[in-house]
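In: Let's see this in three dimensions:
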Amino acid sequence: MRHVPALAGALAALSTLALAPAPLAAQTGQTPPLVEGAELTAIRARAEQVVQVLNGKAEPADIFTAGFRAAVADAQIKTLSASLTAQFGPAQAVALLSPNDGTRAVLHIRFERGLAKGSIAIDPAAENRVNELVFTSVDAVAQADDTPEKIAADLAALPGSVNAWFAPLDGGAALINIGADQSLALGSTFKLYVLAALAEDVKAGRRKWSDVAVLTEKSYPSGRLQDWPKGSPVTLHTLASMMISISDNTATDQLIAVLGKARILKLMKDSGHSDPDANDPFLTTKQLFILKASDAQTIADWRSGDPARQAIIEVVQVAEKDPPLEQITSAFANGPKALDIEWFASPADLAKLFAHMRRKADPKVFDIMAINPSATPAIKDKWRYIGFKGGSEPGVLNLTWLLTDQAGRDWALTLGWNNPAAVVDDGKLEGIAQRILLLPR
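Out: Model (predicted):
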């Protein structure tokens, strides 16, 4: 399954329009804000035109160099711009340009509900056209008039099926509740169940984080361990950390091999999952990839249910040769594929999982969940602890956080979006998540 990176990183990846030279390095000290009446230099004029491009009021061909447009197509610039304004509202103004002259500068652009930070460069030999534009982060800005009701309406307007839950774990009233009992495909968020089973075993003394597993499994990206030689010794802590922080699929499958599928299904049941049978037989990431890349008859057989499903898994398990990565990749090239071949849980299930982990898991597991907290600096300032796991494939997106507020109260935020008819917009859901995490409580 594809890794869903931190919100800041995801939005940077979504919104980066870049061409060599490399982005301007971060400057130390304070950079003076742009003030009214500042001299309209060549670089400032181009920066203000970028605002117009972002709003669809100017054409990329009028602003960017030919080299930039060869590297980043006009259509891509327009798509990225539309995605940003859909998430954060219209671009309003250049909020920072430092220095205000020359050919390179730090650039901040203020949106209605966010602030994009990055850099800009112009080429004097090409009519001062822009030859570099990089947004390294786009942070949501808390809005005084934003409310849970407005956010819920925005979630409900998304095409396909959406569920959402934002509430304290101790049973307090939910600020956001959309389909709390509706089960949707999770993508890599299912790895939280693998993590929980391992952490429970550690607390019970059945395993240690320092236990070493010999690498026997190999899945497909995302991750790094698929490139490691079989037989490599890896601690369970390293496997768990890679599974959660970079969504390493091979690390996940190795932990499933160590724990056993029955152990993970038992954890699902013990944690209060409303329908653990929906995940039985429990798939490894490799098995899911191969099933989705299979022919129509195999997928139809899978849908017929047990015992056909177990027979199909056994065939996949004993195959002498795995399908090449190109075959797996091509299975997802045309959009959503067989979303019923997945792992499933509802927001209520995931909230119960976190509550179960607080009671039964070794505390070090929460350090692992916090390696990649998927939070902007503004969000980090609002929470004492942030742990995260997300997951996606075409047509599937899930974002799930365990949070502790400054008073020490645990909260869960989980957002799910499935659409078998079209690829979902990761950035749009991530923007909504930022708004939720910035809400006053």
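In: Alpha carbons of the longest strand that the chain contains, as PDB, please.
Out: Of all segments of type strand in the chain, defined using DSSP state E, the longest is strand 129-140. Taking Å, rounded to 0.1, in the frame of the first residue of the first chain, the C-alpha atoms of strand 129-140 are listed here in PDB:
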ATOM      1  CA  ARG A 129      10.200  35.100 -16.000                       C
ATOM      2  CA  VAL A 130      10.000  32.700 -13.100                       C
ATOM      3  CA  ASN A 131      12.400  29.700 -13.400                       C
ATOM      4  CA  GLU A 132      11.900  28.300  -9.900                       C
ATOM      5  CA  LEU A 133       8.900  28.200  -7.700                       C
ATOM      6  CA  VAL A 134       8.900  25.800  -4.700                       C
ATOM      7  CA  PHE A 135       6.300  25.600  -1.900                       C
ATOM      8  CA  THR A 136       7.900  23.500   0.800                       C
ATOM      9  CA  SER A 137       4.900  23.600   3.100                       C
ATOM     10  CA  VAL A 138       1.300  24.800   3.100                       C
ATOM     11  CA  ASP A 139      -0.100  25.200   6.600                       C
ATOM     12  CA  ALA A 140      -3.700  25.600   7.400                       C
END
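In: Give me the distance between that strand and the centre of its chain.
Out: Computed by Cα atoms, centre = their mean, to the nearest Å, the chain-centroid distance of strand 129-140 equals 20 Å.
In: packing partners for the helix or strand following that strand?
Out: With elements assigned by DSSP states H and E, the helix or strand that comes after strand 129-140 is helix 148-156. Secondary-structure packing of helix 148-156 (3 or more Cβ pairs under 8 Å, 6 or more residues apart in numbering; DSSP states H and E): strand 161-168, strand 176-178, helix 426-437. Any C-beta I mention is one placed from the backbone N, CA and C, and that applies to glycine too.
In: what's next to helix 148-156, contact-wise?
Out: 162, 164, 166, 175-178, 415, 432, 435-436, 439 (Cβ atoms under 8 Å, 6 or more residues apart in numbering).
In: Next, the angle helix 426-437 makes with the longest strand of the chain.
Out: Comparing the axes of strand 129-140 and helix 426-437 via axes from the mean of the first three to the mean of the last three Cα atoms, to 10 degrees yields an angle of 40 degrees.
In: hang on, residue 92 in a helix?
Out: No - using DSSP: H, G, I helix; E, B strand; the rest coil, the assignment for residue 92 is strand, not a helix.
In: In space, what's closest to it - neighbours in sequence excluded?
Out: Nearest residue to residue 92, sequence neighbours excluded (Cβ to Cβ, 6 or more residues apart in numbering): residue 110, at 4.9 Å.
In: could you pull out the strands for the chain?
Out: With strands called from DSSP E, the chain shows them at 91-98, 104-111, 114-123, 129-140, 161-168, 176-178, 184-185, 212-214, 233-235, 344-345, 385-393, 396-404, 410-418.
In: Can you redo those strands as JSON lines, where the extra columns are mean pLDDT, distance to residue 204 and mean neighbour count?
Out: Listed next are the strands of the chain as JSON lines, based on pLDDT from 0 to 100; distance: least, Cβ to Cβ, whole Å; neighbours: other Cβ atoms under 10 Å:
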{"stretch": "strand 91-98", "mean pLDDT": "93", "distance to residue 204": "53", "mean neighbour count": "18"}
{"stretch": "strand 104-111", "mean pLDDT": "94", "distance to residue 204": "49", "mean neighbour count": "22"}
{"stretch": "strand 114-123", "mean pLDDT": "93", "distance to residue 204": "45", "mean neighbour count": "22"}
{"stretch": "strand 129-140", "mean pLDDT": "90", "distance to residue 204": "40", "mean neighbour count": "23"}
{"stretch": "strand 161-168", "mean pLDDT": "98", "distance to residue 204": "27", "mean neighbour count": "22"}
{"stretch": "strand 176-178", "mean pLDDT": "97", "distance to residue 204": "34", "mean neighbour count": "19"}
{"stretch": "strand 184-185", "mean pLDDT": "98", "distance to residue 204": "30", "mean neighbour count": "24"}
{"stretch": "strand 212-214", "mean pLDDT": "98", "distance to residue 204": "18", "mean neighbour count": "14"}
{"stretch": "strand 233-235", "mean pLDDT": "98", "distance to residue 204": "18", "mean neighbour count": "14"}
{"stretch": "strand 344-345", "mean pLDDT": "98", "distance to residue 204": "23", "mean neighbour count": "26"}
{"stretch": "strand 385-393", "mean pLDDT": "97", "distance to residue 204": "21", "mean neighbour count": "24"}
{"stretch": "strand 396-404", "mean pLDDT": "98", "distance to residue 204": "21", "mean neighbour count": "26"}
{"stretch": "strand 410-418", "mean pLDDT": "98", "distance to residue 204": "22", "mean neighbour count": "25"}
